[in-house]
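Chemist: I'll drop the sequence and a predicted model, then ask my questions.
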Amino acid sequence: MVEMEGVVERVSFHDEESCFTVAKISIKQNHDLVTAVGYFPCIEVGEVLKLRGRWVMHKEYGNQFKVEYYESLMPANVKDIENYLASGIIRGIGPVTARKIVEKFKEKSLDILAASPEELLKIDGIGQKRMEMIAESYREQQETRDIMLFLQQYGIGPGVAIRVYKNYRGKSIEVLQENPYRLADEVYGIGFKTADKIARKMGIQMNSLERLCAGLKYTLYKGAEEGHVFMPKDELVRRAVKLLEIEDEEALNQALLALEEKQDVVVDKTWGREDVYLAPFFVSEKSVARRIFLIAAMMRKPLEISDKDIDFIEQKCAIKLAKKQREALEKAASSGVLVITGGPGTGKTTTIKGLIEFFRGQKLKVALTAPTGRAAKRMAEATGHEARTIHRLLEYKAYGEGGMTFGKNQDEPLAEDVIIVDETSMVDVILMHHLLSALKPGARLILVGDKDQLPSVGPGSVLQEIISSGRVPVVVLDEIFRQARESMIVVNAHRINRGLFPYLNVKGRDFFFEQVLSPEEVLNAVLSLVKTRLPSYAGFDPMEDIQVITPMKKGIVGVINLNEKLQQLLNPMDSVKKEWRFRSTVFREGDRVMQIKNNYEKEVFNGDLGRIIKIDEEGRVLVAFAEPDKEREIIYQAQDLEELSLAYALSVHKSQGSEFSAVVMPITTQHYVMLQRNLLYTAVTRAKKLLVLVGTKQALQIAIRNNKAMARYSRLADRLVAEFDGAR
């Protein structure tokens, strides 16, 4: 085993999921710059590390130091201190300020920050407010020092230590020693595997009750990430056995009983088998079914809608309602709950306009809402009326570290008489529970969406199950209007949805397919289309109008690689543009970015798209987000950048709720596991003016034929049937 000390000069690669890292380390003994590879949950430029490992020869990248153990040390000399301060780990200090501090205070710089931060006021550019921010941040660093040293024993880096400290403050070590598995439940960014690594090194036994309980909960959370609301007990135990690497199923049964006793989980035996829910999911699913029944049952009285009313609405909105659209208005007048579904070009927006006019004519207050900011903005633009996200409608409030509550609920209901929800297929069972809980008695609920699109990213298939229950009135808009029929995007979307092969490359139309065989050629074709061919063909702006959408996250034509290549192409390095490296991602002024985590304090949400408009010397990043009524600018500190990703390329799931002028989509057999009809259909319907598929007809055919989207474990349809039929 070789041991050395060095300073992190650059993080070349860091995988968020596996924590595998490639870093350039300047070795103290001889100042050589070596490539270190290993598993670092968090690593920052400027960190001083004590490394243990061995030298290996990589056939492609040459000599590398494979790290098997490391410790993070505080820097001692001037150069290391400057690198440490410049890394962004302390709020208010970036490269420029770090240099000024070290030039002024030399080796005493860290002592000044700790004991006499007011001395920083002598440095040009540091005022009272900034000095206080730096001092507070450094105090946090000092307070986390013990936690860092404690965690270093278990191979856990300072980034995780800071998260732990924010959650538990002075009780951090006490919590860790008592039950390290709490980290997986309570600290954002720490999963079961990291907590288990700490616990095992602390001597916690493989079959301890704490470990088995944590493994079962982690397995349920992983199931929720796949869209499941619950998991059958047999499958839960089978998955947990594999995760925990134990064979004692009886011990797992005892752990499950313990979780049930603590009310962390609910084991539901209603349908003749044992379905295991995380407690909030059980409450939400039961609540959604119950409240839909109550909303339907508590409607005060049906409203009358005559042909004269329809004529007035058509004249007022300058629209002509088709038979199914008229049916939607009639059922909305007579029903407490109504679902309106249909594909592109079938008039969902026109129907919403008619509904707004009708209900306002009845002196009823109407609220328009959608699950994402992008969907709400589209709804507002299409109808000419205010639309808010569900979170804003319910007046969400941030509390604690990453927590959130709603101001509108059962005790403080919404004032509106009619709630119209667009893009309902994107709403998961938890959010639907909160929305329905906030409706006042007698309010009407109208759910609008495309049942054939991908289901929500969160657990459940709420729209599909409400429809399949057969207990709520449903209007299916199935007529493609004349103007929409002129679009091959619309025509082919419906063909794909029916399992038919699309019409390709019809001259003068908007749906194109380019046959390219190898993934490398597909990548080159996508880059060429975005950079030159589509701008030349139809005048599209590559930065404003064209969106690349892809089925997979990894691979040559996956989200990660496409973002890197498209950034180089569309927003290359420039001496005028400032940039900031965060782990393996370079953020640059002008970049398109996406928020990938709900941040209730900043009021930005998973899936919001923005543009970086400024980066300063301290790593603060200013991002402009478009909203239904304005553009908002949000400041990210360097350490907050884990919440952002580049957005030149999006996954199909992340593109839901959006429309883009032009969409380019790679589709290859490399994507085999994701080639599903509803995924292809969802991607196609994101394009407004032009769609280009690049890949193979074989992959396209596989996707169209595969209509077996993964079934989600959910009982909402069964619960709706029980609620409505039990009332008869």
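Modeler: Received the coordinates, thanks.
Chemist: helices of the stretch 501-650 of the chain, residue ranges please.
Modeler: 519-528, 534-538, 559-570 (DSSP state H, counting those that start in this stretch).
Chemist: what's near enough to touch residue 709?
Modeler: Residues near residue 709 by C-beta atoms under 8 Å, 6 or more residues apart in numbering: 454, 455, 676, 677, 678, 679. Glycine gets a C-beta too; all of them are placed from N, C-alpha and C.
Chemist: can we see that at 10 Å?
Modeler: Counting by C-beta atoms under 10 Å, 6 or more residues apart in numbering, residue 709 touches 227, 452, 454, 455, 461, 464, 676, 677, 678, 679.
Chemist: mind putting these into CSV with neighbour count, distance to residue 163 and secondary structure?
Modeler: Formatted as CSV, these follow (neighbours: other C-beta atoms under 10 Å; distance: C-beta to C-beta, whole Å; DSSP: H, G, I helix; E, B strand; the rest coil):
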residue, neighbour count, distance to residue 163, secondary structure
227, 22, 27, coil
452, 22, 40, coil
454, 21, 31, coil
455, 26, 31, coil
461, 24, 32, coil
464, 23, 36, helix
676, 22, 35, coil
677, 20, 40, helix
678, 21, 36, helix
679, 21, 33, helix
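Chemist: follow-up on the earlier one: between the helices of the stretch 501-650 of the chain, which gets nearest to residue 30?
Modeler: Among these, the nearest to residue 30 by C-beta to C-beta is helix 559-570 (33.0 Å).
Chemist: ok so, going back, now the helices of the stretch 501-650 of the chain as CSV including mean pLDDT?
Modeler: Conversion of these to CSV gives the following (pLDDT from 0 to 100):
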stretch, mean pLDDT
helix 519-528, 96
helix 534-538, 94
helix 559-570, 96
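Chemist: relative to residue 433, which of those helices is closest?
Modeler: Proximity to residue 433 (C-beta to C-beta) singles out helix 559-570 among the helices of the stretch 501-650 of the chain, at 30.3 Å.
Chemist: so what does the closest one touch, helix or strand wise?
Modeler: helix 519-528, strand 546-550, strand 585-588, strand 592-595, strand 644-646, strand 649-651 (3 or more C-beta pairs under 10 Å, 6 or more residues apart in numbering; DSSP states H and E).
Chemist: can you give the contact residues for the third one?
Modeler: Spelled out, it's strand 585-588. Residues outside strand 585-588 that contact it (C-beta under 10 Å, 6+ apart): 11, 14, 16, 560, 563-564, 567-568, 571-574, 577-581, 591, 593, 612, 615, 619, 621, 623, 636, 638, 641-642, 644-646.
Chemist: at 7 Å what do you get?
Modeler: With contacts defined as C-beta atoms under 7 Å, 6 or more residues apart in numbering, strand 585-588 is touched by 571, 577, 579, 580, 612, 615, 621, 641, 644, 646.
Chemist: dump the residues you listed into JSON lines; add neighbour count, pLDDT and distance to residue 346 as well.
Modeler: As requested, the contacts of strand 585-588 are exported to JSON lines (neighbours: other C-beta atoms under 10 Å; pLDDT from 0 to 100; distance: C-beta to C-beta, whole Å):
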{"residue": "571", "neighbour count": "20", "pLDDT": "96", "distance to residue 346": "38"}
{"residue": "577", "neighbour count": "14", "pLDDT": "92", "distance to residue 346": "44"}
{"residue": "579", "neighbour count": "16", "pLDDT": "90", "distance to residue 346": "45"}
{"residue": "580", "neighbour count": "23", "pLDDT": "88", "distance to residue 346": "45"}
{"residue": "612", "neighbour count": "24", "pLDDT": "96", "distance to residue 346": "38"}
{"residue": "615", "neighbour count": "23", "pLDDT": "91", "distance to residue 346": "44"}
{"residue": "621", "neighbour count": "27", "pLDDT": "93", "distance to residue 346": "41"}
{"residue": "641", "neighbour count": "19", "pLDDT": "88", "distance to residue 346": "41"}
{"residue": "644", "neighbour count": "23", "pLDDT": "94", "distance to residue 346": "36"}
{"residue": "646", "neighbour count": "23", "pLDDT": "97", "distance to residue 346": "34"}
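Chemist: name the nearest of the residues you listed relative to residue 176.
Modeler: residue 641 (26.3 Å).
Chemist: go ahead and confirm the closest one touches residue 583.
Modeler: No. Residue 641 is not in contact with residue 583 according to C-beta atoms under 7 Å; the separation is 8.3 Å.
Chemist: count the neighbours of the residue nearest to residue 395 when sequence neighbours are not counted for me.
Modeler: Excluding the flanking residues, the one nearest residue 395 by C-beta to C-beta, 6 or more residues apart in numbering is residue 407, at 3.3 Å. Per other C-beta atoms under 10 Å, the neighbour tally for residue 407 reads 10.
Chemist: just the strands in the stretch 101-250 of the chain please.
Modeler: Along the stretch 101-250 of the chain, counting by DSSP state E, counting those that start in this stretch, strands occupy 230-232.
Chemist: residue boundaries of the helices in it?
Modeler: Using DSSP H, counting those that start in this stretch, helices in the stretch 101-250 of the chain cover 109-115, 128-143, 145-152, 158-168, 172-178, 182-186, 192-201, 209-225, 233-244, 249-261.
Chemist: look at the residue lying farthest from the centre of the chain and tell me its secondary structure.
Modeler: In the chain, counting by C-alpha atoms, centre = their mean, residue 308 sits farthest out from the average C-alpha position, at 46.5 Å. When classified by DSSP: H, G, I helix; E, B strand; the rest coil, residue 308 comes out as helix.
Chemist: now swap in residue 300 and tell me
Modeler: Assigned state for residue 300: coil (three-state reduction, three-state DSSP).
Chemist: same deal with the one 5 residues further on?
Modeler: Assigned with three-state DSSP, residue 305 falls in the coil class.
Chemist: who are the contact partners of it?
Modeler: Contacts of residue 305 (C-beta under 7 Å, 6+ apart): 329, 330, 333, 358.
Chemist: not counting sequence-adjacent ones, nearest residue to the second one?
Modeler: In this structure, residue 330 finds its nearest non-sequential neighbour in residue 305, 5.8 Å apart by C-beta to C-beta, 6+ apart.
Chemist: from residue 336, how far off is the one you found?
Modeler: Plainly put, residue 305 is 15 Å away from residue 336 if you go by C-beta to C-beta, to the nearest Å.
Chemist: likewise for residue 723?
Modeler: Distance of residue 723 to residue 336, given as C-beta to C-beta: 13 Å.
Chemist: residue 223 too?
Modeler: If you measure residue 223 against residue 336 using C-beta to C-beta, the figure is 33 Å.
Chemist: strands of the stretch 401-550 of the chain, start to end?
Modeler: 403-406, 418-421, 444-449, 474-477, 511-515, 546-550.
Chemist: where does the stretch 151-300 of the chain dip in pLDDT?
Modeler: Counting by pLDDT under 70, the low-confidence segments of the stretch 151-300 of the chain come to 152-153, 155-162.
Chemist: enumerate every residue touching residue 653.
Modeler: Residue 653 is in contact with 454, 457, counting by C-beta under 7 Å, 6+ apart.
Chemist: in what helix or strand does it lie?
Modeler: Using DSSP states H and E, residue 653 falls within helix 652-655.
Chemist: and the next element down the chain from that helix?
Modeler: For helix 652-655, the succeeding helix or strand toward the C-terminus, using DSSP H and E, is strand 660-667.
Chemist: which helices and strands sit right next to that next one?
Modeler: Packing partners of strand 660-667 (3 or more C-beta pairs under 7 Å, 6 or more residues apart in numbering; DSSP states H and E): helix 519-528, strand 546-550, strand 687-695, helix 697-705.
Chemist: what does the third one contact?
Modeler: The reference is to strand 687-695. With C-beta under 7 Å, 6+ apart as the test, strand 687-695 has contacts from 489, 510-514, 516, 522, 525-526, 529, 538, 659-668, 684, 700.
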